[in-house]
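Student: take this sequence and fold it.
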Amino acid sequence: MTQVRKTHGSQSPSTQEHPPPHQIEERVAGKSSRRRIFVWTLFDFANTSFSVLILTVGYPLYFTTVVTAGHGDSDFLWGLAFSISMLITATISPVLGAIADYSSGKKRFLLLSTILCIIATCLLYFVGEGMILLGMFFLILGNIGFESGLVFYDSFLPEITSERSYGRVSGYGFAMGYVGSLATLAIAYPLFQGGFIAENLQNIRLSFVLSAIFFAIFAIPIFIAFHDKHRRLPREKSYVQIGIDRVANTIRHMREFSNVGRFLVSYFVYIDGVNTVIVFASIYALHTLHFETSEIVFFFATVQTAAIGGSVAFGILSDHIGQKKTLTVTLLLWIAVVSLAYVTVDKALFYVVGMLAGIAMGSSQSTSRSLYSKIIPFERKTEFFGFYSFFGKSSAILGPFLFGLTSTYFGQRVAVISVGIFFVVGLFLLQRVREKPEGAS
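Tutor: All right, here's what the predicted structure looks like:
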C-alpha cells in the first residue's frame, strides 16, 4: 500500500496523492485472500464475547440487580457509565486513527486496546454488592478498550478486499461476531442457570472472566497474520500532537468531504438507537416482561442467530442493489421492531421482536461499515474510521442516557418510544447521502 504523505501546515487533504478508485481496487485485490478475510472475521468472533456478556446480557443484569441493589436509579447509573465510556472513546478515536495512519501502527493500537479491554473485564470479577463506583469504573475502562479497538479493526476492511465486495465481507465479519456470541452464550449458560441469587453470584462473576479468556484466545490470530509497515519518519512533534494536527487539518477542510459529513450525521442519529437497544434490551426483558435469567440467555441466543442471517444476507444484497438502499430497508425494519416492542406484553411475541431486531442489528451495522468504506479517502482510512467511531460513540452518549432517564421517571415502555425517534430521523437524513467516493461523478 502506498505510504501516507505527511500533512504540512494547512495543506488540504485533497491535495495529497490519492489513487483513482480502480487503482485502489487493483491494489487491494492482490491482497485479498480467504485466509486474511477469515482471520479478520475471527477477531469479530472474539470481541463479541465482551459485547454479549458485559454489555448485553450478564453484567447489565448483575449491575442493576446486585451491584446497585436497592438503588432506585440503577438504569440511570448503567446508562451513565456506558455514556461516559463512549464520550471518552469518541474524543480520542479520531486522534488515534490519525496517528495510526501516520505511523502505520494499526496493529499496535489494536493490541493495546484489546489488552485494556481484557484486563478490565477480568477485574469485574471483584465487583460486589454496593461497589457502584468501582463497577462503573471497570465497565468504562473495558468499553473504552473494546470500542477504540474497533476503529483499527474496521479500518482493515479496505485492505483485505476490493470495493465490490465490501458489503459481503463486512457482513461476514458481523456474522462471525454473532457466531462468537452464540458460542459465548453456550459456554456461559450453565453459570447463569442458578440466577442472581447469593449462592450463584460467584458463577455470574466467573462469566466475566470467561468473556475475557474467550476474547484473548481468539484474538491472537489477527496479531500473528497481520503486520504493521514500520517506517522511520522524520518528526519534530510527539505522535499525539501530530494526530491532533492531522485531525484539525481534516476538520478545516471537511467541506471537501461533504458527502462523508452527511453520512456521519445520519449515522450519528440512527446508530444511537441501535446502541440503546443493545445496552438496555436485557434490562427491558427482565423488568418489563419479567423474563427469568435463563430465558434471557436463550432469548439473546435467538437474537444472535437471526443476526447471523441478517449480516450475511443483507451484506450480499448490498453488493447487488447498493448499500444505501439496503440500509434504508434495515432502518424501516428497526422502526417496525420498536413499534412492536412497545405494544408487546407476551413473551412469545417478544421472541419474534427479538428475531426481527437481530436481523436489523446485523444488517444495519455491517452495511453502515461497508457504505462508509466506499465513500472515504483510501489513504486516510484509519483517520476517517476514527471519525466514524467519534460519531458512533458520541451518539451513544445521548441514547442510553435518555433511555435511562425516561425509564426512571416514566417507565421503560415510554422509553422505548424515544428510541424509535432516532431511527425515523436517521432514515430521513440518510436519503441525502451519495453512494459514491468523494469527488466521483
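Student: skip ahead from the helix or strand where Thr330 lies and say which helix or strand is next.
Tutor: For Thr330, the enclosing helix or strand under DSSP states H and E is helix 323-343. Per DSSP H and E, the first helix or strand lying C-terminal to helix 323-343 is helix 347-375.
Student: what comes up buried for that next one?
Tutor: Neighbour counts over helix 347-375 (16 or more other CB atoms under 10 Å) mark 350-351, 353-375 as buried. Every C-beta, even on glycine, is put in place using the N, C-alpha and C of the backbone.
Student: which other helices and strands contact that helix?
Tutor: If you count contacts as 3 or more CB pairs under 8 Å, 6 or more residues apart in numbering; DSSP states H and E, helix 347-375 packs onto helix 157-160, helix 166-192, helix 258-287, helix 293-321, helix 323-343, helix 381-410.
Student: by mean pLDDT, show me the worst of the ones you listed.
Tutor: Of all these, the minimum mean pLDDT falls on helix 381-410 (a mean of 73).
Student: got the angle between the next helix or strand after it and helix 258-287?
Tutor: Scanning forward in sequence from helix 381-410 by DSSP H and E, the next helix or strand is helix 412-430. If you take axes from the mean of the first three to the mean of the last three CA atoms, to 10 degrees, helix 412-430 sits at 160 degrees to helix 258-287.
Student: just give the closest residue to Val169, not the sequence neighbours.
Tutor: Excluding its sequence neighbours, the residue lying closest to Val169 (CB to CB, 6 or more residues apart in numbering) is Thr161, at 4.6 Å.
Student: distance check, the one you found against Thr184.
Tutor: Per CB to CB, to the nearest Å, Thr161 is found 27 Å from Thr184.
Student: mind listing what Thr68 touches?
Tutor: 74, 77-78, 132 (CB atoms under 8 Å, 6 or more residues apart in numbering).
Student: any figure for the gap between it and Ser339?
Tutor: In this structure, Thr68 lies at 30 Å from Ser339, with CB to CB as the measure.
Student: per-residue confidence for Asn47?
Tutor: 92.
Student: can I assume it is in contact with Ser148?
Tutor: No: applying CB atoms under 8 Å as the test, Asn47 and Ser148 come out as separate, 11.6 Å apart.
Student: to Asn203, which of the helices and strands packed on helix 347-375 lies closest?
Tutor: Between Asn203 and these, the shortest separation by CB to CB is 4.2 Å, and it involves helix 166-192.
Student: burial of the closest residue to Phe50 other than its chain neighbours, as a residue count?
Tutor: Leaving aside its chain neighbours, Phe50 sits nearest to Phe146 (5.2 Å; criterion: CB to CB, 6+ apart). Using other CB atoms under 10 Å, Phe146 has 25 other residues around it.
Student: how about the helices and strands packed on helix 347-375 in TSV, adding distance to Ile140?
Tutor: TSV is the format used below for these (distance: least, CB to CB, whole Å):
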stretch	distance to Ile140
helix 157-160	27
helix 166-192	22
helix 258-287	13
helix 293-321	23
helix 323-343	27
helix 381-410	12
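Student: since we're on Ser282, how many residues are nearby?
Tutor: 24.
Student: was I right about it contacting Ile54?
Tutor: No: between Ser282 and Ile54 there is no contact under CB under 8 Å: 11.4 Å.
Student: before we move on, back to that, so Asn47 and Ser148 - more neighbours on which side?
Tutor: Ser148 (28 against 25).
Student: tell me which element that one falls in.
Tutor: Assigned by DSSP H and E, Ser148 belongs to helix 132-154.
Student: might you report the residue contacts of Phe314?
Tutor: So Phe314 contacts 167, 171, 326, 329-330, 359, 362-363, 366-367 (CB under 8 Å, 6+ apart).
Student: now do Gly142
Tutor: Gly142 neighbours (CB under 8 Å, 6+ apart): 50, 54, 85, 116-117, 120-121, 124.
Student: closest to Phe422 among those residues?
Tutor: Ser85 (19.2 Å).
Student: how about the nearest residue to the closest one, chain neighbours excluded?
Tutor: Using CB to CB, 6+ apart, the closest residue to Ser85 is Asn143 (3.8 Å).
Student: what of Leu110?
Tutor: Counting by CB to CB, 6+ apart, Phe152 is the residue found nearest to Leu110 once chain neighbours are left out, at 4.1 Å.
Student: cool, and Phe299?
Tutor: Closest residue to Phe299 apart from its sequence neighbours, by CB to CB, 6+ apart: Gly354 at 5.7 Å.
Student: is it true that that neighbour touches Gln304?
Tutor: No: contact between Gly354 and Gln304 fails when scored by CB under 8 Å: they sit 9.6 Å apart.
Student: contacts only, for the residue nearest to Ile316 when sequence neighbours are not counted.
Tutor: Leaving aside its chain neighbours, Ile316 sits nearest to Arg168 (5.0 Å; criterion: CB to CB, 6+ apart). Contacts for Arg168 (CB under 8 Å, 6+ apart) come out as 312, 315-316, 318-319.
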